[in-house]
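Undergrad: task: produce atomic coordinates for the following.
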Amino acid sequence: MTHAQICGNPVGRGLRPAPAGLRAALLALLAAVGMALASTASGQEPAALSEQDAKCLGCHSMPTLSKALEDGDKLSLHVVKDDYSASAHRIFGCNSCHANVNPAAHPAMQGIASTQAYSIERSQVCRNCHAAAFEQYQGSVHAALVTAGDSAAPVCSSCHDPHAVRPAAASHADSAMPCATCHQEIFDAYEGSVHGQARIGAGQAHAPICMDCHQAHNVSAVAGGDRLKATCLACHDNALAAHDQWLPNSRLHLDVVSCPACHSPMADRAIELMLYDQGSQELVAEVLDDPQFEARARAVDVAGDGLDPLELWTLVREINREGGGAKLALRGRMEVPSGPQAHRLAIKLEAVRDCETCHQSGAEPFRNVTVSVAGSDGRRVKYEASEDTLTSGSSVDSVGGFYTAGGTRIGLLDALLALAVIAGLGIPLVHLMVRRYFRNNR
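TA: Residues are numbered from 1 along each chain as shown. Below you'll find the predicted structure:
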């Protein structure tokens, strides 16, 4: 467990860079790329394939061509000729990216462990021309998953078919969006949302799509910290003023209630207690190679029924004890518990505006409680807690960030606050009365 944010550079560990000769060859061709892309985007027919490329496609255009891998799987070697002929990479030629293939000895190749291993190794070729995008990718959620050994983690070729890459001018973000390949349920929710209907349904190019919120290569989990609010306000810059007109304590609401909690009216809602470092004001993040939070929480949760107030206090104390002097605390926020629900945003007229939805005794969000830290890939690692963690005498630390007297309907804390106010006013009053009594009877 560490209090630092997730570091970059997860990909490329143990991978060899492409040969210097290949880098020079690719860079020498960059001047020609602009001309090729311009002619393709303008509708002109691309030039005929070179003799060498035609020879390569003589075999690789066969749909059944494949290679057996060491893990028992098969790697498809099929290249669709028409797609390659119209691709942005055609100008380079096959040998520019496959310089390790010796035509005289081909098809002999060294053993390949798996499709994922081959894709990771070949991504180094992309780096030679797309250095900026590659560096951005290294700090992404996807790259963290690669480093963690996730066999389904996406690399360059997962989103960009290297043999069918279209010029940017000929691509459309709606139809070329690869995110749905892995995130189909979330993408379906997005399609039905106010954003999806505007972008895909009505063709409004300014409406956001995946990369506008999550970025194209430095893909990140916007749910971490205050990023979700900042991402929404980047487009809805008048939202603060609009909420000020009708919502009491609007700034506090925007700090402790996530946007989808109100703007996805059919979603579930829950209170998430996030562990953060009071010094750096950053969320606690797990160590990439040594995640411990869930195991620690399970060890403390003896009955396995979710953390009760004492167990939560014990967990925070233990992590604090090993935190190198940093002081951890809990920051509460009302959240939507799943990705699909968070993306199912409705038009603003359908947003929740009824205060009683949350501000009543036993409201749904206060019955669903989780404790979380930032995972190694940026997404939160959550563990269930009992609703008593918000209503017990030890819950002051849990709700300190969002508790308001009477507003959160936490009866015990309201009573304790009332007693504190009465005591604060009563002690000086009693002191004055006693002082006057002794003065009059001296």
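
Undergrad: domain ranges for the protein?
TA: 20-171, 247-409, 410-442 (automatic domain parsing).

Undergrad: per-residue confidence for Ile271?
TA: We note a pLDDT of 90 for Ile271 in this prediction.

Undergrad: contacting residues for the residue lying closest to it once chain neighbours are set aside?
TA: Distances taken as C-beta to C-beta, 6 or more residues apart in numbering put Val369 closest to Ile271, at 5.0 Å, once the chain neighbours are dropped. C-betas here are computed from N, CA, C, even on glycine. Shown in contact with Val369 (C-beta atoms under 8 Å, 6 or more residues apart in numbering): 270-273, 306, 384-387, 389-390.

Undergrad: from Asp277, how far off is Val369?
TA: Distance, Val369 to Asp277, using C-beta to C-beta, to the nearest Å: 21 Å.

Undergrad: helix or strand with the lowest mean pLDDT in this protein?
TA: Within the chain, confidence by mean pLDDT, DSSP states H and E is lowest for helix 20-41 among all helices and strands, at a mean of 43.

Undergrad: poorly predicted segments of the stretch 301-442 of the chain, please.
TA: 323-326, 392-423, 425-426, 442 (pLDDT under 70).

Undergrad: cool, the stretch 1-150 of the chain as well?
TA: 1-47, 108-109.

Undergrad: show me where it has its strands.
TA: 66-68, 74-76 (DSSP state E, counting those that start in this stretch).

Undergrad: any chance of these in TSV, plus distance to Leu283?
TA: Formatted as TSV, those follow (distance: least, C-beta to C-beta, whole Å):
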stretch	distance to Leu283
strand 66-68	44
strand 74-76	40
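
Undergrad: you'd agree Ala205 is in a strand?
TA: No - Ala205 is assigned coil when assessed by DSSP: H, G, I helix; E, B strand; the rest coil, not a strand.

Undergrad: since we're on it, how many residues are nearby?
TA: 10 (other C-beta atoms under 10 Å).

Undergrad: for Glu387, see how far away it is.
TA: Counting by C-beta to C-beta, the gap from Ala205 to Glu387 is 45 Å.

Undergrad: so where do the helices sit in the stretch 151-300 of the chain?
TA: 156-159, 184-191, 194-196, 210-214, 227-235, 239-244, 250-256, 259-263, 293-300 (DSSP state H, counting those that start in this stretch).

Undergrad: which residues touch Cys182?
TA: 152, 154.

Undergrad: how close does Glu294 sit to Glu282?
TA: 20 Å.

Undergrad: repeat for Leu254
TA: 20 Å.

Undergrad: cool, and Glu387?
TA: Distance from Glu387 to Glu282, counting by C-beta to C-beta: 27 Å.

Undergrad: now Leu57
TA: Leu57 is 52 Å from Glu282, by C-beta to C-beta.

Undergrad: save the helices of the stretch 151-300 of the chain as JSON lines, and put in mean pLDDT too.
TA: Shown next, in JSON lines, are the helices of the stretch 151-300 of the chain (pLDDT from 0 to 100):
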{"stretch": "helix 156-159", "mean pLDDT": "92"}
{"stretch": "helix 184-191", "mean pLDDT": "93"}
{"stretch": "helix 194-196", "mean pLDDT": "95"}
{"stretch": "helix 210-214", "mean pLDDT": "88"}
{"stretch": "helix 227-235", "mean pLDDT": "89"}
{"stretch": "helix 239-244", "mean pLDDT": "93"}
{"stretch": "helix 250-256", "mean pLDDT": "88"}
{"stretch": "helix 259-263", "mean pLDDT": "94"}
{"stretch": "helix 293-300", "mean pLDDT": "93"}
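
Undergrad: so which of those helices is nearest Arg90?
TA: helix 156-159 (16.6 Å; C-beta to C-beta).

Undergrad: what about Asp237, how many residues close to it?
TA: Quick note: Asp237 (other C-beta under 10 Å) scores 9 neighbours.

Undergrad: actually Gly93, not the one I wrote
TA: Neighbours around Gly93, by other C-beta under 10 Å: 16.

Undergrad: re earlier: ok, Leu57 and Glu282, which is more surrounded?
TA: Leu57 (18 against 15).

Undergrad: just checking, the more buried one touches Lys81?
TA: Yes - applying C-beta atoms under 8 Å, one finds Leu57 in contact with Lys81, separated by 5.2 Å.

Undergrad: just the helices in the stretch 1-150 of the chain please.
TA: Going by DSSP H, counting those that start in this stretch, the stretch 1-150 of the chain shows helices at 20-41, 51-60, 81-85, 94-97, 115-129, 131-138, 141-147.

Undergrad: does anything pack onto the fifth one? Which helices or strands?
TA: Think helix 115-129. helix 20-41, helix 131-138, helix 156-159 (3 or more C-beta pairs under 8 Å, 6 or more residues apart in numbering; DSSP states H and E).

Undergrad: how does it look with 6 Å?
TA: Contact here means 3 or more C-beta pairs under 6 Å, 6 or more residues apart in numbering; DSSP states H and E; on that basis helix 115-129 packs against helix 20-41, helix 156-159.

Undergrad: for it, the distance to its chain's centre please.
TA: The chain centroid and the centroid of helix 115-129 are separated by 23 Å under C-alpha atoms, centre = their mean, to the nearest Å.

Undergrad: in it, what's buried?
TA: Buried residues in helix 115-129, counted by 16 or more other C-beta atoms under 10 Å: 115-116, 118-129.

Undergrad: so who does the residue most central in space within the chain touch?
TA: Closest to where the C-alpha atoms of the chain average out (C-alpha atoms, centre = their mean) is Ala221, at 1.2 Å. Listed by C-beta atoms under 6 Å, 6 or more residues apart in numbering, the contact set of Ala221 reads 141, 378-379.

Undergrad: how near is the residue nearest to His243 when sequence neighbours are not counted to Ala342?
TA: Spatial nearest neighbour of His243, excluding adjacent residues (C-beta to C-beta, 6+ apart): Ser250 at 4.1 Å. Ser250 sits 21 Å away from Ala342, going by C-beta to C-beta.

Undergrad: show me which of these two is the more surrounded one.
TA: Comparing Ser250 with Ala342 by neighbour count (other C-beta under 10 Å), the higher total belongs to Ala342, at 24 against 16.

Undergrad: list the contacts of the helix or strand harbouring that one.
TA: Ala342 belongs to helix 339-343 when assigned by DSSP states H and E. By C-beta under 6 Å, 6+ apart, the residues outside helix 339-343 that reach it are 185-186, 189-190, 193, 260, 264, 267, 336.
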